[in-house]
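Chemist: need a structure here:
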Amino acid sequence: MIPQPSATPFGARLASFLETRGISQAALSEKSGVDRSLISRMVRGDRKPSAETLRQLAPALAIDIVELVRGTDAEERLDGAIYAVEHDDYVAAMQKAIEYEARNRDLDAQLTSTREALAREEKRRMLAETAVSEAHLEKERARQDVKEARDQIQRQEQELRRYRRGISRAVAQVTALRAKLRTIDEELASTKKSARLAAVLSGVAALTGAVTIAYFIGGSDSESVPATNPKAGAEKSGGEE
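Modeler: Model prediction:
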C-alpha cells in the first residue's frame, strides 16, 4: 500500500501567505476581523480554523478559500466554509479584497514618489547651502578688497599732503629768494663796490645750493632753509676792507 503524503499544517500555509504578501498578523486581523490571538495560535499550529474563520481570512488575503486550505490539515473544513458563504457575499468580499490590494499598490507608488521628491528637494537644499556658503566667502573677499583699497587711498592721501606741504615750503623759499634778488638790485644800484657785491652773490649762491625739491618734499613742516643774509655778508666784507 502506497503511503499517502502527510497534509501541510494550515498554520504553515497561513504563515507562507502572510510572508509572500508582506502582511503582518495585526494587519490580517484588522482586515479580516479575526482576533489576532487566534491568528497567532493558528500560525503556531495550536488551533485549526473554523469554517467561519476561513470565510473571513480568504478575502482578507485576496485568495480563494479552496487555495487557502488545499493540501492542508484544514481541508476537511472546506465544505463547511464554502456552503457557509453565500455567492453574492463571497463575490463582494473578493471585490473588496481586490480593491484593498489596488489601494495598497497605489499607496506604495505614492510613497515611492514622495520619497523620490524628498530626495530631490534634499539635493536642491544642499546645492543652495553650498551656493550660499560660496556667496558668503565671495562677500568676505570683496570686503577685504575694499578695506585694502581704502588703506591704499589713505596712504596716497598722506603722501599727497606731504608733497603739498613741501611745495608750500618751496613757494615760501622762492618768495624769500625773490626778496633777496630785489636786495641785490638795490645794492647794485646803491654801490659799485665789487667786494660787497661778491658777498651778496655768495649768500645767494649758498641759498640756491641748499634749496632743492627733494629738500622741500622730504623735510618736516617745521623745517626751513637756513637763510643767508646778503646784507650781513656785504657788511662783513665791508668791515674787512
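
Chemist: which helices and strands does the lengthiest helix in the chain pack with?
Modeler: Secondary structure of the chain per DSSP state H: the longest helix is helix 87-190. If contacts are counted by 3 or more C-beta pairs under 8 Å, 6 or more residues apart in numbering; DSSP states H and E, helix 87-190 sits against helix 51-60, helix 194-210, helix 213-218, helix 230-240. In short, each C-beta sits where N, CA and C put it, glycine included.

Chemist: try 10 Å this time
Modeler: When contacts are defined as 3 or more C-beta pairs under 10 Å, 6 or more residues apart in numbering; DSSP states H and E, helix 87-190 sits against helix 25-32, helix 51-60, helix 194-210, helix 213-218, helix 230-240.

Chemist: CA atoms only for the second one - export them in CSV, please.
Modeler: This means helix 51-60. The C-alpha coordinates for helix 51-60 follow below in CSV (Å, rounded to 0.1, in the frame of the first residue of the first chain):
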residue,chain,number,x,y,z
ALA,A,51,-15.4,27.4,8.5
GLU,A,52,-16.3,30.9,9.6
THR,A,53,-12.7,31.8,10.2
LEU,A,54,-11.8,30.6,6.7
ARG,A,55,-14.6,32.6,5.2
GLN,A,56,-13.1,35.7,6.9
LEU,A,57,-9.4,35.0,6.1
ALA,A,58,-9.7,34.2,2.4
PRO,A,59,-11.0,37.6,1.2
ALA,A,60,-8.5,39.4,3.5
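
Chemist: For it, list every residue counted as buried.
Modeler: If you call a residue buried by 16 or more other C-beta atoms under 10 Å, then helix 51-60 has these buried ones: 51, 53-60.

Chemist: Spatially, which two of those are the most separated?
Modeler: The distance between the two most remote of these (C-beta to C-beta) is 15.5 Å, for A51 and A60.

Chemist: Between helix 25-32 and the longest helix of the chain, find me the angle.
Modeler: Orientation check (axes from the mean of the first three to the mean of the last three C-alpha atoms, to 10 degrees): helix 87-190 against helix 25-32 gives 120 degrees.

Chemist: Report the mean per-residue pLDDT for helix 87-190.
Modeler: Mean pLDDT, computed over helix 87-190, is 86.
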